[in-house]
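Asks: Predicted coordinates and the sequence they were generated for:
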Amino acid sequence: MRILLVEDDPSLAAGIRLALKPEHYTVDLLADGRQALAALKGNEPFDAVILDLGLPGLDGMRVLESIRRRGNRVPVLVLTARDGIDDRIAGLDAGADDYLVKPFQVAELKARLRALLRRSQGQASSVLEARGIRLDPSTHSVSFRGEPVSLSRREFTLLQEFLAHPGRVFTRDTLTRLVYGWDEEVESNAIEVHVHHLRRKFFPELIRTLRGIGYVLDSPVPDRTS
């Protein structure tokens, strides 16, 4: 899952990024409200946004209001030192999906982020299951037909994206941004290699290649025999 973190406190931003890395999130960082708005108005694929309100350039509340006016429904978790009830109501009314007041415990941030992503996908549980595969983000575990499967961090992230969006066609560029974000140099065939490894660890038909377009994990076909 790819997260946009918008936070102008360098130490806090570094701490959040470090805490989320073991959770298999790809975290991109911005420290300016105008930059955040530009990123969210573009074609960058983010699964959620962690948004501070007291930002230079453009206040986080204005960023939030602007993206909601444009119909951007990306889940937003607001981080702020503004702890008054009126501030929280204003943030939620502006389109925030959740609100976390500083200082906070990292464990609570992780739990709220998991819940936010779960709700955005219409799921009661964060566990993803399809075609004999079971992926649990909270324990970072994957199994296939009841047997544990060891995945690298990139493979886990890629599989999670496919399982969370069955039937969705991903271009290679989209998958590269979801898995690597902005900060890493990426080999041109990196996604192809990860897809190959996932097919080998599960089964060859798991992910279908659409030549010249991208990749898709097909939605299960309903059983119409009954």
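Replies: Looks like it came in fine. All values derive from a computational prediction rather than experimental measurement.

Asks: Let's verify Leu113: helix, strand, or coil?
Replies: In the three-state summary, Leu113 is assigned as helix, counting by DSSP: H, G, I helix; E, B strand; the rest coil.

Asks: what about the helices in this structure?
Replies: Assigned helices in the chain, in chain order: 10-20, 33-41, 60-69, 85-94, 106-120, 153-164, 172-180, 190-201 (criterion: DSSP state H).

Asks: of those helices, which approaches Val142 most closely?
Replies: Taking Cβ to Cβ as the criterion, Val142 comes closest to helix 153-164 out of these, the separation being 6.8 Å. Yep, even glycine has a C-beta here, placed from its N, CA and C like the rest.

Asks: Same question for the closest one: list its buried residues.
Replies: Using 16 or more other Cβ atoms under 10 Å as the test for burial, helix 153-164 gives Arg154, Glu155, Phe156, Thr157, Leu158, Leu159, Gln160, Glu161, Phe162, Leu163, Ala164.

Asks: ok, so of those residues, who is nearest Val78?
Replies: In terms of Cβ to Cβ, no member of the buried residues of helix 153-164 lies closer to Val78 than Ala164, at 22.9 Å.

Asks: Contact partners for the closest one?
Replies: Taking Cβ atoms under 8 Å, 6 or more residues apart in numbering as the criterion, Ala164 is in contact with Met1, Gln121, Leu128.

Asks: If you drop the residues flanking it in sequence, what lies closest to the last one?
Replies: Spatially, and ignoring its direct neighbours in sequence, Leu128 is nearest to Leu163 (4.0 Å; Cβ to Cβ, 6 or more residues apart in numbering).
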